[in-house]
Each structure stands twice: as C-alpha cells, then as structure tokens.
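# Need the 3D shape of this:
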Amino acid sequence: MTDPIEALRPLANKDGRYAPEALAFLFEALPGAVELAGKQKLEGGERHVSGQQLLQSMRDLALLQFGPLAAQVWRSWGVRETLDWGHIVFLLVEGNLLKRQESDTIDDFRSGFDFDEVFVQNYSPVMPSDLLSGLSP
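Next up, the predicted model:
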C-alpha cells in the first residue's frame, strides 16, 4: 500500500506552496465533510460537498488531531488562511485527484475562519468522562 503523503509529494513539490501533508490532510477530512452534508449514502458526483462543509470538517479534524497546535501545524504546511485550502482543492482538481462542479470557485474558501481564534483562543480541551467522574467538586 502506497503512503498517501509520498503519493502526493510530486504534486506538492511541483506546485511548491504546500507540504504534501496538507494535501493528505484534505483527503482525510473529505469523509467527514460528506457526512456533514448528509451524503454518505450517495455515489459519485452526488457526494459533492461545498467549500464551507470541507472547511468545517477540516477544522473539526484538526482540533481532534492537533488541538491548540492546529494553526501552527497548518502554517508549517504552508496553509496560512482558509483560502489556501481552496488553492489546494483546485491543485488537486488540476492533478485529476478531485473533481469539481461548474459552480465551485476559489471564493468558496475565502471567508472561512481565523486559525488563531478557532484553534487557540476558543480551544476547550475535552476531558475523558472517566477522568472527570473521579474529580470531587
């Protein structure tokens, strides 16, 4: 089985703006976006998600995987704002790894969210319930 990051490395290197990890992360977030859109039982182009749904799924996955370090991780990949995720989507479309609909535009990613606000300022750790049950008031 091919490592997804290594498979995406040539495309990322050719473009030069983003680390292959960013491209792989986008693919990791796609199933969550399809679920958010309620399209998991559909096939092919009917599973298409909006840029905002994809951003929401990526935000949720980043919080789960990286917590308050998510903004820093994304920046280390070259992703400085949500518009960068749009550039990555269109890079993957140009590489024939994703399909787009006629209505899809880069502007779908322009007004996403502020990384520091979402990942750092509003971060609230989730404690496992068994840890909380052992704490006395």
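# Neighbours of the closest residue to R110 other than its chain neighbours, how many?
Distances taken as Cβ to Cβ, 6 or more residues apart in numbering put L83 closest to R110, at 5.3 Å, once the chain neighbours are dropped. For every residue, glycine as well, the C-beta is placed using N, CA and C. As a burial measure, L83 scores 17 neighbours (other Cβ atoms under 10 Å).
# so L83 touches F113, yeah?
No - taking contacts as Cβ atoms under 8 Å, L83 lies outside contact range of F113: 11.3 Å.
# Mind checking the pLDDT average for the helix or strand F90 falls within?
Per DSSP states H and E: F90 is located in helix 82-94. Across helix 82-94, pLDDT averages out at 96.
# Which parts of the protein are helices?
4-15, 20-36, 51-66, 70-76, 82-94, 115, 129-133 (DSSP state H).
# ok and the helix holding F90 relative to helix 4-15, angle-wise?
100 degrees (axes from the mean of the first three to the mean of the last three Cα atoms, to 10 degrees).
# need the next SSE after helix 82-94, C-terminal direction.
helix 115.
# Let's test this: mean pLDDT of that next one, rounded?
pLDDT averaged over helix 115 gives 95.
# need the contact list for the residue nearest the centre of the chain.
In the chain, the C-alpha nearest the mean C-alpha coordinate belongs to M58, at 2.9 Å (Cα atoms, centre = their mean). Taking Cβ atoms under 8 Å, 6 or more residues apart in numbering as the contact definition, M58 lies against F25, L26, A29, A33, W85.
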